[in-house]
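Participant: Predicted structure and sequence below. I'll ask about it afterward.
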Amino acid sequence: EPEVTQTPSHQVTQMGQEVILRCVPISNHLYFYWYRQILGQKVEFLVSFYNNEISEKSEIFDDQFSVERPDGSNFTLKIRSTKLEDSAMYFCASGTQGGTEQFFGPGTRLTVL
Amino acid sequence: RKEVEQDPGPFNVPEGATVAFNCTYSNSASQSFFWYRQDCRKEPKLLMSVYSSGNEDGRFTAQLNRASQYISLLIRDSKLSDSATYLCVVNGRTGGSYIPTFGRGTSLIVHP
């Protein structure tokens, strides 16, 4: 069964450093998403991506964040200068159409020290 | 602010019990609705979509009430493996795309 994969599973970084989180969505999916979940809190939408551009982004997704689909398979989330409060689980998801079911990757746990 | 509200629980039920969760949403323009389950420190996994006519998948039944802006999930004959957090997800449409909003989740503990 096809699945979304994410690397790394855990990333530890120093405050102010740049991190890139990587995702490989399901191959025939066209819509891609990033979410974050701070420990003990709800899943929060960050950004959606379709047809090589951002469709929607939340207020969390400020200038420190960017997304890219550098080739036909990878979908990345970059945080330029990490803050302590960026520590969270980051989930990538993909779907065949907007507004329909999404399939999540296992997540990357980001720890900012 | 567009919110999705769920009773956090935990709902603590014996095996074989029937349990129901509700979820309310504030955005009347919401377009699509889902239930996901999330195990501790794992990713959300799609449980089922929720349709206006209601839908059933085995022991799980989902209902949508657009007038009252709530959705429900009924689990019959609970199994130990049903223990998880159940997330309500509502998609609000903005122009040509959607913004998904998650509830905080309802925790279910099924005990022997």
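Facilitator: Okay, I see it.
Participant: Could I get the buried residue list for stretch A:105-112?
Facilitator: Within stretch A:105-112, the residues that count as buried by 16 or more other C-beta atoms under 10 Å in any protein chain shown are A:105, A:106, A:107, A:108, A:109, A:110, A:112. In short, each C-beta sits where N, CA and C put it, glycine included.
Participant: And the contacts of the helix or strand of chain B with the lowest mean pLDDT?
Facilitator: Here the helix or strand of chain B ranked lowest by mean pLDDT, DSSP states H and E is strand B:97-102, holding a mean of 90. Strand B:97-102 has contacts (C-beta atoms under 8 Å, 6 or more residues apart in numbering or on different chains) with A:33, A:35, A:42-45, A:48, A:50, A:55-56, A:58, A:98-99, A:102, B:2-4, B:25, B:27, B:31-32, B:44, B:87-92.
Participant: Run through who's touching the very next helix or strand once past it.
Facilitator: Next helix or strand after strand B:97-102 toward the C-terminus (DSSP states H and E): strand B:106-111. Outside strand B:106-111, the residues within contact range by C-beta under 8 Å, 6+ apart are B:6-15, B:17, B:19, B:21, B:23, B:75, B:78-86, B:88.
Participant: Repeat that for stretch A:20-27.
Facilitator: Around stretch A:20-27, the neighbours that count as contacts under C-beta under 8 Å, 6+ apart are A:2-8, A:11, A:32, A:34, A:73-79, A:90, A:92-94, A:103, A:105, A:108, A:110.
Participant: just the strands in chain A please.
Facilitator: A:5-7, A:10-13, A:19-24, A:31-37, A:43-50, A:53-57, A:65-68, A:75-79, A:88-95, A:103-104, A:108-112 (DSSP state E).
Participant: Then chain B?
Facilitator: Shown for chain B, the strands assigned by DSSP E span residues B:4-6, B:11-14, B:19-25, B:30-38, B:44-50, B:55-57, B:60-65, B:70-75, B:84-94, B:97-102, B:106-111.
Participant: Turn these into a markdown table, including mean neighbour count and distance to residue A:21.
Facilitator: Below are the strands of chain B laid out as a markdown table (neighbours: other C-beta atoms under 10 Å in any protein chain shown; distance: least, C-beta to C-beta, whole Å):
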| stretch | mean neighbour count | distance to residue A:21 |
| --- | --- | --- |
| strand B:4-6 | 20 | 25 |
| strand B:11-14 | 14 | 34 |
| strand B:19-25 | 19 | 29 |
| strand B:30-38 | 21 | 19 |
| strand B:44-50 | 19 | 17 |
| strand B:55-57 | 12 | 32 |
| strand B:60-65 | 18 | 32 |
| strand B:70-75 | 20 | 31 |
| strand B:84-94 | 22 | 21 |
| strand B:97-102 | 21 | 19 |
| strand B:106-111 | 18 | 27 |
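Participant: count of residues packed around the nearest residue to residue B:94 once chain neighbours are set aside?
Facilitator: Nearest residue to residue B:94, sequence neighbours excluded (C-beta to C-beta, 6 or more residues apart in numbering or on different chains): residue A:56, at 6.4 Å. Neighbourhood size, residue A:56 [other C-beta atoms under 10 Å in any protein chain shown]: 21.
Participant: Now do the same contact list for residue A:56.
Facilitator: Residue A:56 sits next to A:45, A:47, A:48, B:94, B:97, B:98, B:99 when contact means C-beta under 8 Å, 6+ apart.
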